[in-house]
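A.B. asks: sequence plus the predicted model coming up.
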There are 2 protein chains.
Amino acid sequence: MTLRPAVVLLSGGLDSSTVLAIAQDQGFAPHCLSFRYGQRHGRELDAARAVADKAGVASFQVVDIDLRAFGGSALTDDIEVPKDRDEQSMGAGIPVTYVPARNTIFLSFALAKAEVTGARDLFIGVNAMDYSGYPDCRPAFVEAFEHLANVATRAVDDDDAHITVHAPLLHWTKAEIIQRGFALGVDYAMTTSCYDPFEDGACGRCDACVLRRQGFAAAGVADPTVYGGS
Amino acid sequence: MTLRPAVVLLSGGLDSSTVLAIAQDQGFAPHCLSFRYGQRHGRELDAARAVADKAGVASFQVVDIDLRAFGGSALTDDIEVPKDRDEQSMGAGIPVTYVPARNTIFLSFALAKAEVTGARDLFIGVNAMDYSGYPDCRPAFVEAFEHLANVATRAVDDDDAHITVHAPLLHWTKAEIIQRGFALGVDYAMTTSCYDPFEDGACGRCDACVLRRQGFAAAGVADPTVYGGS
């Protein structure tokens, strides 16, 4: 059986690494895209490459784009990453770690990759539960991009070329994501979520770390993350 | 009166230079974005900068992205640019000069720029008449991107932040575009359209040159383009 190609957005984090395992479990041969977009640290890309290598993907590619040119986010600028926030603070409004139009840009590149590889399936690890403050992590965003993809490309002239945007984590809790990935053999020790890591591990206190720790606890799975700097 | 900011995609070609003039005529302060995306020649970017300078825009920015990594187009690969095609050949199917998902990617960056500048208006010079073979130059594409833009960004949480994608040339002939730009004072000698220019001017024979020459003839406006290499 020939595996169908798919394009998987892979950040090296917990969510996208789980999505990769899900795509493979569904019988896809994943072409993984990661982005060097002016992140404050390169650990994500190292993690993405290691996860892709271990998974035995069809291809892995790092695309260089410069979102720093636009500014406006704590993930790419010198704005301080918030720490030790409770769920109420995290849920209030769009966080400073939001990068303008990031998922729109990432999916646009995934669409280009799909056109040249013949893939009709895009996978993205957005999650509406934990990241309710990010507009581009919501169901309406995923639906709107799928519609755009089908009018923006060769698919518009070929009924057999319908493009599907898969966002399997959209309605899952962090604990459900971890349980599913654990069942599929994802090695979460290879993944990284921290917005502001130390030399020797994750900070343990940014929103991403807080959600990750809570997720492992709620999933009843041992957290393999090294929390450093303390 | 404070001018409203807008983001204008500016390639340095005839169409986008006309769009810039239209945006200014409508009272917008344009933030222009150009892309270095692995084009075979840099003449477009020189033209874009010159056009933006002359127009006195709010800002001009060149964004580096590497579409060559994806291949699949005569504009970025070593595929031969077709020459001397008649209208029937140009209209048949998606041309090899189509760059996968290019306008989707360009508008995604425009959307990021809009978020950080506070602009709610994006301008793009797509044209469904002359480029019927490009899926991402059609009305359905523009509508789909506008919908996406309004669910993908902070606009989703703020009714006053509705984003509009302006594609004023969508249904105009090349002659109508030239007549409008001429009336607005666009200096078309500064613009470049050719897919495959010589050192001393445009080739005069690629699809873009053929449409440009026909457009000036039909508009009854003298063509200031230097056609070289002959």
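C.D. replies: Received the coordinates, thanks.

A.B. asks: whichever strand or helix holds A:Cys209 packs against which elements?
C.D. replies: Applying DSSP states H and E as the criterion places A:Cys209 in helix A:207-219. Applying 3 or more CB pairs under 8 Å, 6 or more residues apart in numbering or on different chains; DSSP states H and E, one finds that helix A:207-219 contacts helix A:87-91, helix A:174-183. Every residue, glycine included, has its C-beta placed from N, CA and C.

A.B. asks: quick check: angle from that helix to helix A:174-183?
C.D. replies: Here the directions of helix A:207-219 and helix A:174-183 differ by 70 degrees (axes from the mean of the first three to the mean of the last three CA atoms, to 10 degrees).

A.B. asks: distance of A:Ala167 from A:Leu9?
C.D. replies: Counting by CB to CB, to the nearest Å, the separation of A:Ala167 from A:Leu9 is 10 Å.

A.B. asks: the longest helix seen in chain A vs chain B: in contact?
C.D. replies: The helix that spans the most residues within chain A, counting by DSSP state H, is helix A:102-117. Yes: using CB under 8 Å from any CB of the partner chain, helix A:102-117 reaches chain B at A:Arg102, A:Asn103, A:Thr104, A:Ile105, A:Ser108, A:Phe109, A:Leu111, A:Ala112, A:Lys113, A:Glu115, A:Val116.

A.B. asks: distance from stretch A:102-112 to the middle of the chain?
C.D. replies: Relative to the chain's own centre, stretch A:102-112 is displaced by 12 Å; criterion: CA atoms, centre = their mean, to the nearest Å.

A.B. asks: my read: A:Asp196 touches A:Asp207, true?
C.D. replies: No: using CB atoms under 8 Å as the test, A:Asp196 is too far from A:Asp207 to be in contact (10.1 Å).

A.B. asks: which residues are common contacts for those two?
C.D. replies: Counting by CB atoms under 8 Å, 6 or more residues apart in numbering or on different chains, A:Asp196 and A:Asp207 have no common neighbour.

A.B. asks: just for chain A, where's the confidence low?
C.D. replies: For chain A, applying pLDDT under 70 flags the ranges A:1, A:39-41, A:66-83, A:85-99, A:130-133, A:155-156, A:229-230.

A.B. asks: the longest strand belonging to chain A: partners in the sheet, and parallel or antiparallel?
C.D. replies: In chain A, assigned by DSSP state E, the strand with the most residues is strand A:28-36. Partners of strand A:28-36 in the sheet, by DSSP bridges, are strand A:4-9 (parallel), strand A:59-64 (parallel).

A.B. asks: so which of those is nearest B:Ala149?
C.D. replies: Proximity to B:Ala149 (CB to CB) singles out strand A:4-9 among these, at 19.5 Å.

A.B. asks: convert the closest one to CSV, retaining C-alpha atoms only.
C.D. replies: What follows is strand A:4-9, C-alpha atoms only, in CSV (Å, rounded to 0.1, in the frame of the first residue of the first chain):
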residue,chain,number,x,y,z
ARG,A,4,-0.8,9.1,1.0
PRO,A,5,1.4,12.2,1.4
ALA,A,6,0.3,14.8,4.0
VAL,A,7,1.9,18.0,5.2
VAL,A,8,2.3,18.3,9.0
LEU,A,9,3.2,21.5,10.8
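
A.B. asks: give me the contacts around it.
C.D. replies: A:16, A:19-20, A:23, A:27-34, A:57-58, A:106-107, A:110-111, A:113-114, A:117-125, A:166.

A.B. asks: make it 7 Å
C.D. replies: With contact meaning CB atoms under 7 Å, 6 or more residues apart in numbering or on different chains, strand A:4-9 is reached by A:16, A:19-20, A:23, A:27-33, A:58, A:106, A:110, A:113-114, A:117-119, A:121-125.

A.B. asks: show me which of those are buried.
C.D. replies: A:16, A:19-20, A:23, A:28-33, A:58, A:106, A:110, A:113-114, A:117, A:119, A:121-125 (16 or more other CB atoms under 10 Å in any protein chain shown).

A.B. asks: name the residue most distant from the centre of chain A?
C.D. replies: Most distant from the centre of chain A: A:Asp157, at 30.2 Å, with distances by CA atoms, centre = their mean.

A.B. asks: most neighbours per residue, which of the strands paired with strand A:28-36?
C.D. replies: Of all the strands paired with strand A:28-36, strand A:4-9 has the most neighbours on average by mean count of other CB atoms under 10 Å in any protein chain shown, namely a mean of 24.

A.B. asks: can you give me the angle that one makes with helix A:102-117?
C.D. replies: 150 degrees.

A.B. asks: next SSE downstream of strand A:4-9?
C.D. replies: helix A:14-25.

A.B. asks: packing partners of that next one?
C.D. replies: strand A:4-9, strand A:28-36, helix A:43-55, helix A:174-183 (3 or more CB pairs under 7 Å, 6 or more residues apart in numbering or on different chains; DSSP states H and E).

A.B. asks: buried set for the longest one?
C.D. replies: Pointing back at helix A:43-55 there. Using 16+ other CB under 10 Å as the test for burial, helix A:43-55 gives A:Glu44, A:Leu45, A:Ala47, A:Ala48, A:Arg49, A:Ala50, A:Val51, A:Ala52, A:Ala55.

A.B. asks: quick one: contacts of it?
C.D. replies: A:10-13, A:17, A:20, A:24, A:32, A:34, A:36, A:60, A:62, A:187, A:190-192, A:197.

A.B. asks: returning to what we had before: might you report the residue contacts of the residue farthest from the centre of chain A?
C.D. replies: Contacts of A:Asp157 (CB under 7 Å, 6+ apart): B:Pro135.

A.B. asks: what does A:Val210 give?
C.D. replies: Contacts of A:Val210 by CB under 7 Å, 6+ apart: none found.

A.B. asks: phi, psi of the closest residue in space to A:Tyr227 that isn't next to it in sequence?
C.D. replies: Excluding its sequence neighbours, the residue lying closest to A:Tyr227 (CB to CB, 6 or more residues apart in numbering or on different chains) is A:Gly204, at 3.8 Å. Torsion angles at A:Gly204 (phi, psi; degrees, to the nearest 10) stand at phi 80, psi 0.

A.B. asks: and A:Gly204, how many neighbours?
C.D. replies: Using other CB atoms under 10 Å in any protein chain shown, A:Gly204 has 21 neighbouring residues.

A.B. asks: against B:Asp159, how distant is it?
C.D. replies: 38 Å.
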